[in-house]
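K.L.:
No letters, just coordinates:
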């Protein structure tokens, strides 16, 4: 475990930065590392909540089987992956967010537009004050190539959801073609974003097969198993 | 860091359009292509361009008409139902010989259909869509890199032949993310002496119009336009052939269907089946010569499509029905699996027509 888990972990960022993949992996990680749960919680219950109202295709739902097999509760729109183009959120997501015995991982839709959906829970989450909200940065995405551009997206998201970020996740990647050198180079930008924003760089998410590379020994690496691609 | 960026297909179209010199985008949001508009909304104000969300698709395509008439590179994008709305404007663009780029990231139809991927606007794109005798150059990308390169190509061809070029993509190629290299984009420039840019009192007025009072005159323009279309058919066909040298079965597929088909073909080859792929990259002009030549070598064609069988008719025409053409398809937002295509290949290999 990289750091003590908060009860609510929120992943936000530019669309296509890799939020859903990270959220799925993080939820499985919480579930599978029971000894690291908060002490007074005997039966850790982990729920992943898909608050994405932006993305029509690639969703948390694509990992349903894996999540169910691990015993992670999946809550997403009834219309995710369907033909209905309605940004609806299910009522069922109220319960785990309110229930303090459940660890929640929130997968938020891209950009400030996607973060609007999170706003309605902002007061509740702030009142409990046991959350972390992580900005997922990928410096290989065309509109967040520089730390300055990423900071702009970060601030837009905070404005839209009324919650301040608590940390940064560096998920810079170019899909299958990502090399260790790419990750190391992006680390510089992630640290610059950390300086600019005043937020700690919490972890660097790395594709499973690259995660153990010795060149990354100075990074706080969180290995990622990638969601299966439909094509 | 790597020169490449990780892009959604829709973003690649938008960025490539900007690289190609497009500074005017007019559109109206519709899933699954909205990222094109969102990207333009973010980028255009920073580079002195114009992003405008029109009040409707019909307004957007007529704004395209205006900017095209002024000789500037201009585009709009939509998805299936939105393209139906724009079709009147497409006919007017053709009737006025105006170059423009129109993107259709197809979704399921007919009607409102659904937001999942589809190729069911093949007829609409290649046979007209709007009224009157006209053609559009139709480009069918099958990767995110091609979303970018064909967008640039589309602008170039549109200017060269004073035609509308359409990117006929599908929801999956619009939404999926792949590494893209945009550093090698080459853009052509064409003079536009016909554009309405002000006479400065130094020349006659240029007139852009699709109304002709005399039928003889309209006929003359139509004949001339089809002479130009003939040139396009001669010079601009783009097609990929994959493992066709010794192929006995020929899969024909474009866009996302071609990707699925390649996987199936690789599997079939492992089983010793001699199968290849012809992938039309231009759907109009259609690669008739390549298909006709293949018809003398293969025993069967299989058309893989995300519709009820539209390109299958063009294959039959191009091959003059010399060999049977069967259909392997899904529709309504569904994508054929590599297993389904493999099964069709195996059936053809056994001598049945699947």
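P.N.:
Nice, I can see it. Quick caveat, the model's predicted, so the values are computed rather than measured.
K.L.:
Please enumerate the strands of the stretch 251-354 of chain B.
P.N.:
With DSSP state E, counting those that start in this stretch, the ranges of strands along the stretch 251-354 of chain B come out as B:275-280, B:282-284, B:300-305, B:325-329.
K.L.:
Report the strands that pair with the third one, each with its relative direction.
P.N.:
To tie it back to what came earlier, the one meant is strand B:300-305. Paired neighbours of strand B:300-305 in the sheet (DSSP bridges): strand B:249-252 (parallel), strand B:325-329 (parallel).
K.L.:
May I have the strands that pair with the one helix or strand residue A:49 maps to, each with its orientation?
P.N.:
Secondary structure assignment for residue A:49, by DSSP states H and E: strand A:45-51. Using DSSP bridges, the strands paired with strand A:45-51 are strand A:73-75 (parallel), strand A:102-108 (parallel).
K.L.:
mind listing what's buried in the shortest one?
P.N.:
Neighbour counts using 16 or more other Cβ atoms under 10 Å in any protein chain shown place A:73-75 of strand A:73-75 among the buried residues. Placement of C-beta: from N, CA and C, glycine included.
K.L.:
Ends of stretch A:94-104, what's the gap?
P.N.:
One end of stretch A:94-104 sits 11 Å from the other (Cα to Cα, to the nearest Å).
K.L.:
Buried ones in that stretch, by neighbour count?
P.N.:
Buried-residue list, stretch A:94-104, by 16+ other Cβ under 10 Å: A:96-97, A:102-104.
K.L.:
Among those, which pair sits farthest apart?
P.N.:
A:97 and A:103 (11.2 Å; Cβ to Cβ).
K.L.:
Find residues that contact each of those two.
P.N.:
residue A:8 (Cβ atoms under 8 Å, 6 or more residues apart in numbering or on different chains).
K.L.:
Residues in contact with stretch B:222-235: which ones?
P.N.:
Against stretch B:222-235 from outside (Cβ under 8 Å, 6+ apart): B:94, B:97, B:133-135, B:137, B:157, B:161-163, B:285.
K.L.:
could I get the residues you listed as a markdown table with distance to chain A?
P.N.:
A markdown table is the format used below for the contacts of stretch B:222-235 (distance: Cβ to the nearest Cβ, whole Å):
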| residue | distance to chain A |
| --- | --- |
| B:94 | 31 |
| B:97 | 34 |
| B:133 | 35 |
| B:134 | 31 |
| B:135 | 30 |
| B:137 | 26 |
| B:157 | 25 |
| B:161 | 30 |
| B:162 | 31 |
| B:163 | 29 |
| B:285 | 27 |
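K.L.:
out of those residues, which are inside helices?
P.N.:
Secondary structure defined by DSSP state H assigns B:94, B:157, B:161 of those to helices.
K.L.:
rewinding a little: figure out which of the strands paired with strand B:300-305 is closest to residue A:128.
P.N.:
Going by Cβ to Cβ, the one of these nearest residue A:128 is strand B:325-329, 51.9 Å.
K.L.:
Quick check: buried residues in the longest helix along chain A?
P.N.:
The longest helix of chain A (DSSP H) is helix A:180-197. Buried residues in helix A:180-197, defined by neighbour count with 16+ other Cβ under 10 Å: A:182-184, A:186-187, A:189-190, A:192-194, A:197.
K.L.:
Buried residues of stretch B:62-75, list them for me.
P.N.:
B:62-65, B:67-69, B:71-75.
K.L.:
show me what contacts the residue of chain B found nearest chain A?
P.N.:
Closest approach between chain B and chain A, counting by Cβ to the nearest Cβ: residue B:114, at 2.8 Å. Going by Cβ under 8 Å, 6+ apart, residue B:114 touches A:82-84, B:107-108, B:332-333.
K.L.:
Please pick the buried ones from those residues.
P.N.:
A:83, B:107-108, B:333.
K.L.:
pLDDT and secondary structure added to those residues, as CSV?
P.N.:
As requested, these are exported to CSV (pLDDT from 0 to 100; DSSP: H, G, I helix; E, B strand; the rest coil):
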residue, pLDDT, secondary structure
A:83, 78, coil
B:107, 97, strand
B:108, 95, coil
B:333, 94, coil
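K.L.:
out of the residues you listed, what pair is the most spread apart?
P.N.:
A:83 and B:107 (8.5 Å).
K.L.:
Overlap in contacts, those two.
P.N.:
By Cβ under 8 Å, 6+ apart, residue A:83 and residue B:107 have these common neighbours: B:113-116, B:333.
K.L.:
Redo those as TSV? Include distance to residue B:204 and secondary structure.
P.N.:
Below are these laid out as TSV (distance: Cβ to Cβ, whole Å; DSSP: H, G, I helix; E, B strand; the rest coil):
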residue	distance to residue B:204	secondary structure
B:113	48	coil
B:114	51	coil
B:115	49	coil
B:116	52	coil
B:333	52	coil
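K.L.:
Which positions in chain A make contact with chain B?
P.N.:
When proximity is defined by Cβ under 8 Å from any Cβ of the partner chain, chain A lies next to chain B at A:15-16, A:55-58, A:82-85, A:111, A:138-143, A:145, A:173-177, A:179, A:182, A:185-186, A:229-231.
K.L.:
Can you say which of those residues are buried?
P.N.:
Going by neighbour count (16+ other Cβ under 10 Å), the residues of chain A next to chain B have A:15-16, A:55-58, A:83, A:111, A:138-143, A:173-175, A:182, A:186 buried.
K.L.:
out of those, which are inside helices?
P.N.:
A:111, A:182, A:186.
K.L.:
Setting aside sequence neighbours, what's the nearest residue to the residue in chain A positioned nearest to chain B?
P.N.:
Closest contact between chain A and chain B, by Cβ to the nearest Cβ, is at residue A:83 (2.8 Å). Counting by Cβ to Cβ, 6 or more residues apart in numbering or on different chains, residue A:83 lies nearest to residue B:114, which is 2.8 Å off, once chain neighbours are set aside.
K.L.:
residues in contact with the residue of chain A closest to chain B?
P.N.:
Each residue near residue A:83 by Cβ under 8 Å, 6+ apart is listed here: B:108, B:113-116, B:333.
K.L.:
got it, and residue B:258?
P.N.:
Going by Cβ under 8 Å, 6+ apart, residue B:258 touches B:142, B:240, B:277, B:279, B:304.
K.L.:
cutoff 6 Å now
P.N.:
Residue B:258 makes contact with B:142, B:279, according to Cβ atoms under 6 Å, 6 or more residues apart in numbering or on different chains.
K.L.:
Now name the helix or strand holding the nearest residue to residue B:195 once chain neighbours are set aside.
P.N.:
Residue nearest to residue B:195 in three dimensions, not counting chain neighbours: residue B:71, with 2.8 Å by Cβ to Cβ, 6+ apart. Assigned by DSSP H and E, residue B:71 belongs to neither a helix nor a strand.
K.L.:
surely residue B:71 meets residue B:193?
P.N.:
No - counting by Cβ atoms under 6 Å, residue B:71 does not reach residue B:193; the two are 8.9 Å apart.
K.L.:
before we move on, the earlier item: dump the strands of the stretch 251-354 of chain B to CSV, plus mean pLDDT and mean neighbour count.
P.N.:
Listed next are the strands of the stretch 251-354 of chain B as CSV, based on pLDDT from 0 to 100; neighbours: other Cβ atoms under 10 Å in any protein chain shown:
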stretch, mean pLDDT, mean neighbour count
strand B:275-280, 98, 25
strand B:282-284, 98, 24
strand B:300-305, 98, 25
strand B:325-329, 98, 22
